[in-house]
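In: Pasting a predicted model and its sequence here:
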Amino acid sequence: MSYGSHFIRTLIPRAGSIRWFSYRSLGAGHKRSDTNCAYLRRRSYVVVLLTQIPADWTLDVQAPAMPPNTSQATELHPCPVLLARIAAQPTGVPVAPSARTHAGLARLAEVVVGWAAPYSQPAPRSIPVDLTFERLYLGVIPATALRMLPTMLAVLALPIVLFDIPIPRDAFIAHRHNDCMCLATATEYTLVNLETGTVQPIGLPISQSAQVSSARTRPSILPIPAYDDELPCFLITSHSDSGTLGAFVRADGEPTARLLEWPSHPRAVVADFPYVCALLRNDTIHIHHLPTLSLVEVQPVDPAWEPRFLVSTAPNSHLCASGPGLATQLVSPTSAGKDRLPPLSCVRTLPPRILMGGKRSLQCLTRRSPGSAWLQCAHAGAWHAAHTHLARDDVHDDEARVACLLHGLHCIHEGLFAQAAPWLVQGHIDPRLLLTLWPALAPKDIGMLPQGAAGFYAALPPTMEDLVRVHLAWNYAPDVPLDDVHLRALGAALTNRAEQMLVHVLRASDVTEPDVATALCHLFLQRDPSVPLAELAPWWEACHVDRVARLLRDAHRYHALCQLLLQRAEPSDSLHVAQQLLDGTLHDVVDGPLSPIQLASYAPRLAPAARLDLGLVLAHHDRACALEVLCDVDFVSVDAAPALHTIQKVDASLAEALLEHVVLSAPRAMPSLHESLLSQYLASPAADEPRTCAKRRQLLACSPVLDGQLVAQLNGRPVEQAILLCKAGRYEEALAFLVNAHEFDAAERVCATGRVLPPEALEEPGWARLAALAPATHLPSSESQRLRHALAALYMTPSTSSHAFCAPCAHLLHVHASEFALDAVLTAVPAEWPVQALAPFLERALRTAQHTRRTAHVAKAAALPLSLEAAAQRWHAVRALGGLVEDPR
């Protein structure tokens with residue numbers, strides 16, 4: 001057997017011959033009700049028992065041990081299994097079974113074959129079979145044990161239902177997968193749905209030969225479960241004069257485009273996923289890889305053994321000797337031994353799943369584990385075969401990963417860096433082990449690796465430069481000196497491939513590791529100093545800042561340096577570099593000069609204090625960008641007064657705009673800032689402009705900290721004084737200031753709402769938030785009426801009255817005429833006011849008085865008839881009682 005062989009055969013020793021049962025058609029002496037499915041052996045046949053078992057019950061097969069007898073021939077016979085006790089144990093509350101059949105087939109013949117070990121080895125007394133299904137299919141019941149079927153059903157203590165499914169009478173082979181069964185007659189295949197009982201013929205004939213009949217070439221049926229993107233199907237055979245085809249048919253009867261081909265007709269076809277093994281009549285075993293359908297191995301069989309069949313069995317580790325496999329425990333590379341490869345004594349074989357029976361012998365067909373198959377090929381120097389074994393099998397265990405790691409290290413040793421990268425990734429190599437081969441990237445901790453690969457890793461040269469030099473010496477020296485121009489170019493190409501391998505492995509590793517992220521930044525900057533920032537940014541969060549910052553400075557990538565330092569919470573250093581870029585002290589050779597807009601884009605990633613420093617840097621170059629950045633600073637967590645003082649020295653207008661923003665946007669009022677903003681409005685050169693006056697008045701009206709104590713400081717500004725007096729509840733004094741300032745509309749608003757400014761002035765953007773902080777004011781109607789009388793008195797006071805007050809007083813009297821007595825107004829009105837100015841009030845007052853008088857007359861006239869009617873009713877009531885009263889008329 002060659003070292004590239006993946007399957008091995010092992011003879012199972014025994015004391016004598018084994019009697020195997022041949023297949024034969026159903027005899028005529030059996031009842032039809034017992035032949036729902038025919039899968040016959042001599043003196044035995046099959047019935048399908050659909051057992052209604054709750055889904056949460058578990059069945060175990062407890063098989064009695066066969067007494068060892070070394071002096072007699074050991075026989076395989078299914079009867080002991082029929083006599084076994086089958087117990088059902090509830091594991092929970094029983095539930096009603098659903099209509100769908102779960103996957104699983106308890107074939108008692110497989111359980112018996114699993115006992116095919118020599119009796120010198122301890123045989124298990126309990127063979128657990130996973131029967132947690134809603135329906136249980138039992139088969140292979142010998143005819144000699146038919147009389148025991150009622151006893152078996154009684155032992156199960158479960159309701160058993162026998163379905164009589166009409167199938168062709170000459171069917172002699174049947175295999176099931178889930179709720180579908182495939183039958184074979186002498187000429188064709190048939191699919192049976194066990195749920196519905198429907199029978200569907202398959203259009204592929206068993207024999208396509210005109211010379212050999214189907215009776216001489218028995219068909220094969222192999223259920224194939226679902227894998228990858230393939231649906232479950234059956235593999236069936238169809239022979240011709242030139243060979244035999246294996247077709248894959250789905251459960252619905254549709255064939256797939258996948259085919260197998262054998263040069264001779266197989267005696268048996270079994271599956272050991274992902275392989276399909278076929279014992280051919282030319283005494284060879286053909287092994288195909290199921291996902292690719294490629295022929296991976298052909299094993300010849302000695303004709304003297306007279307091979308008869310292959311049979312699948314449960315994995316049995318007693319049938320074949322096995323080694324421990326490749327060592328997978330993690331060790332330090334410094335503890336490695338002298339040998340590069342583990343010894344062949346480590347070769348491990350998988351538990352056999354296929355048995356081959358001969359006339360007088362029994363062999364198990366087993367596979368080496370992928371890692372052990374690679375190790376055996378590696379010891380023989382068959383590296384291509386070793387690569388094939390690993391590429392064919394999925395890497396799903398630690399031993400296979402160790403083999404992948406060994407193969408990757410071998411590729412590095414041979415200078416095949418492009419081929420090494422994927423194997424190192426599959427082997428889950430610690431990237432720090434590779435970084436040690438580059439002294440500039442070597443980490444402090446070199447990491448761990450599996451013990452089976454430690455020797456090979458220790459055999460590598462200490463650095464990648466040494467490895468490249470060794471390869472050049474092997475291939476060209478001493479004929480060509482190592483300092484030759486062409487050899488240097490070749491060495492540079494090999495070094496570049498090695499770095500590409502390292503990048504591939506690092507990208508597949510955990511990039512949150514600082515050593516990995518730092519190495520990636522180093523390699524990318526070394527390969528291309530002008531690499532885009534977007535490619536470097538994903539690794540900045542985990543890299544070593546000092547090492548990467550040094551690389552960026554050496555490459556004059558100051559933009560990238562700013563972003564790195566900002567992202568790693570070192571804003572002071574970043575802003576220092578940014579200041580130098582803006583001033584022109586530093587020059588970025590790749591990204592060019594830094595614009596204030598680019599620098600302002602870093603602000604969202606900064607803390608409030610650092611954002612304030614960024615705004616100060618921008619204030620020297622771009623006022624708009626600086627204001628945008630500073631407006632986003634949370635001045636609740638940062639002391640605003642020193643910051644504003646610093647900004648005032650740089651740009652006064654920027655400080656004023658920022659102060660206004662802070663006051664208007666702060667979630668709570670800060671008295672010092674409010675007073676500073678008021679002083680700023682008062683001291684501004686544009687203090688008397690309408691816009692500045694409006695802002696000043698809005699601040700006084702909305703601020704909860706500016707109160708009546710500032711009235712004396714606002715001399716000469718009666719409206720501002722009136723605003724503060726109203727906030728203090730001193731409305732009469734406020735009205736006096738407003739009347740003297742001829743702010744008549746504001747005076748009437750004070751009487752109505754207690755506020756000087758109109759509501760729309762407090763709803764402007766920015767001021768509404770501040771107005772919400774001020775306490776709400778509400779005047780009752782009696783207070784409003786009292787204030788209007790006070791306002792009218794101020795208008796008509798002889799010391800202050802003038803013709804300018806005539807119009808507003810007339811308007812006040814006209815609008816609220818019902819609140820003023822006519823005689824009192826006529827008494828208090830100044831003599832110099834024209835009567836025509838009060839005409840609207842007088843007319844309305846007179847009309848109101850006349851209307852009131854007429855209303856009273858109407859009410860009296862309406863009440864008199866009601867009074868007379870009441871008197872008449874009372875007179876009639878007294879007369880009815882017999883009283884003598886005078887007629888009301």
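Out: Good, I have the coordinates. Computed from a predicted model, the values in this text were never measured in an experiment. Residues are numbered from 1 along each chain as shown.
In: where in the stretch 751-889 of the chain is pLDDT low?
Out: 759-777, 798-802, 879, 882-889 (pLDDT under 70).
In: now the helices for it?
Out: In chain order, the stretch 751-889 of the chain shows helices spanning 767-771, 781-796, 806-815, 822-828, 839-880, with DSSP state H, counting those that start in this stretch as the criterion.
In: Can you give the contact residues for the fourth one?
Out: What that stands for is helix 822-828. Judged by CB atoms under 8 Å, 6 or more residues apart in numbering, the contacts made with helix 822-828 from elsewhere in the structure are Ala792, Ala793, Met796, Leu813, Leu838, Phe841, Leu842, Ala845, Leu846, Ala849. Any C-beta I mention is one placed from the backbone N, CA and C, and that applies to glycine too.
In: between the residues you listed, which has the most around it?
Out: Among those, Leu813 has the most neighbours (other CB atoms under 10 Å), with 25 neighbours.
In: contacting residues for that residue?
Out: Ala792, Phe820, Val825, Leu838, Phe841.
In: residues in contact with Arg267?
Out: By CB under 8 Å, 6+ apart, the residues touching Arg267 are Arg218, Leu279, Leu280, Arg281, Pro307, Arg308, Phe309, Leu310.
In: Verify the stated contact: the last one with Ala271.
Out: When you say that, I think you mean Leu310. No. Taking CB atoms under 8 Å as the contact criterion, Leu310 and Ala271 are not neighbours in contact, 10.1 Å apart.
In: Tell me the residues that contact both of these two, please.
Out: Residues touching both Leu310 and Ala271 (CB under 8 Å, 6+ apart) are Cys277.
In: Settle it for me: which of those two has more neighbours?
Out: In this comparison of Leu310 against Ala271, neighbours counted by other CB under 10 Å, the higher total goes to Leu310 at 22 against 18.
In: which residues touch the more buried one?
Out: Listed by CB under 8 Å, 6+ apart, the contact set of Leu310 reads 267-270, 277-279, 285, 354-357, 365.
In: before we move on, what SS does it have?
Out: strand (DSSP: H, G, I helix; E, B strand; the rest coil).
In: related to what we said a few turns ago, want to try TSV for the contacts of Arg267, with distance to Gly491 and pLDDT as columns?
Out: Supplementary listing: the contacts of Arg267 in TSV, determined by distance: CB to CB, whole Å; pLDDT from 0 to 100:
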residue	distance to Gly491	pLDDT
Arg218	64	79
Leu279	55	91
Leu280	54	90
Arg281	59	88
Pro307	57	86
Arg308	62	83
Phe309	60	81
Leu310	55	85
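In: Any of those buried? List them.
Out: By the neighbour-count criterion of 16 or more other CB atoms under 10 Å, the contacts of Arg267 include these buried positions: Arg218, Leu279, Leu280, Pro307, Arg308, Phe309, Leu310.
In: Ser601 versus the nearest residue to the third one once chain neighbours are set aside, what's the distance?
Out: Taking CB to CB, 6 or more residues apart in numbering as the measure, Leu280 lies nearest to Ser264, with 4.2 Å between them; neighbours along the chain are not counted. Shown here: Ser264 relative to Ser601, a distance of 75 Å by CB to CB, to the nearest Å.
In: picking up where we left off before, can the contacts of Leu813 go into TSV with extra columns for distance to Arg853?
Out: What follows is the contacts of Leu813, written out as TSV (distance: CB to CB, whole Å):
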residue	distance to Arg853
Ala792	25
Phe820	18
Val825	19
Leu838	21
Phe841	19
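In: And those, which is closest to Glu660?
Out: Proximity of these to Glu660 (CB to CB) peaks at Ala792, which lies at 39.5 Å.
In: Can you name every helix or strand that whichever strand or helix holds Ala722 contacts?
Out: Counting by DSSP states H and E, the secondary-structure element that holds Ala722 is helix 718-727. With contacts taken as 3 or more CB pairs under 8 Å, 6 or more residues apart in numbering; DSSP states H and E, helix 718-727 sits against helix 690-702, helix 731-740, helix 744-753.
In: okay, that helix in CSV with CA atoms only?
Out: Extracted as CSV, the C-alpha positions of helix 718-727 are listed here (Å, rounded to 0.1, in the frame of the first residue of the first chain):
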residue,chain,number,x,y,z
PRO,A,718,-36.5,102.8,30.6
VAL,A,719,-37.7,99.7,28.7
GLU,A,720,-34.9,97.5,30.1
GLN,A,721,-35.7,98.9,33.6
ALA,A,722,-39.4,98.2,33.1
ILE,A,723,-38.6,94.6,32.1
LEU,A,724,-36.7,94.0,35.4
LEU,A,725,-39.4,95.7,37.4
CYS,A,726,-42.1,93.5,35.9
LYS,A,727,-40.0,90.4,36.8
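In: any weak-confidence spans in the stretch 601-750 of the chain?
Out: 636-637, 640, 666-667, 669.
In: tell me the most buried of the helices and strands packed on helix 718-727?
Out: helix 731-740 (a mean of 21; mean count of other CB atoms under 10 Å).
In: Residues in contact with it: which ones?
Out: Applying CB under 8 Å, 6+ apart, the set of residues contacting helix 731-740 from outside is 718-719, 721-723, 725-726, 744, 746-747, 750-751, 754, 756, 787, 790-791, 794-795, 800, 805.
In: Can I get the buried ones among the residues you listed as something I can paste into PyMOL?
Out: What follows is the PyMOL syntax for the buried subset of those, where burial is set by 16+ other CB under 10 Å:
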select buried, resi 718+719+721+722+723+725+726+744+746+747+750+751+754+756+787+790+791+794+795+805
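In: what's the average pLDDT for stretch 421-440?
Out: Computed over stretch 421-440, the mean pLDDT rounds to 91.
In: Now do the buried residues in that stretch.
Out: Using 16+ other CB under 10 Å, the residues of stretch 421-440 that count as buried are 421-438.
In: Sort out which residues of stretch 246-258 are buried, please.
Out: Buried positions in stretch 246-258, judged by neighbour count with 16+ other CB under 10 Å: Gly246, Ala247, Phe248, Val249, Arg250, Ala251, Gly253, Arg258.
In: next one: stretch 283-300
Out: Asp283, Thr284, Ile285, His286, Ile287, His288, His289, Leu290, Pro291, Val296, Glu297, Gln299.
In: and these as a markdown table, adding secondary structure, pLDDT and distance to Cys521?
Out: Converted to a markdown table, the buried residues of stretch 283-300 look like this (DSSP: H, G, I helix; E, B strand; the rest coil; pLDDT from 0 to 100; distance: CB to CB, whole Å):
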| residue | secondary structure | pLDDT | distance to Cys521 |
| --- | --- | --- | --- |
| Asp283 | coil | 88 | 63 |
| Thr284 | strand | 90 | 58 |
| Ile285 | strand | 91 | 55 |
| His286 | strand | 93 | 53 |
| Ile287 | strand | 90 | 49 |
| His288 | strand | 91 | 48 |
| His289 | strand | 88 | 43 |
| Leu290 | coil | 87 | 45 |
| Pro291 | coil | 86 | 40 |
| Val296 | strand | 86 | 44 |
| Glu297 | strand | 86 | 48 |
| Gln299 | strand | 88 | 53 |
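In: Tell me the one among these nearest to Glu195.
Out: Checking the buried residues of stretch 283-300 against Glu195 with CB to CB, the nearest one is Leu290 at 27.1 Å.
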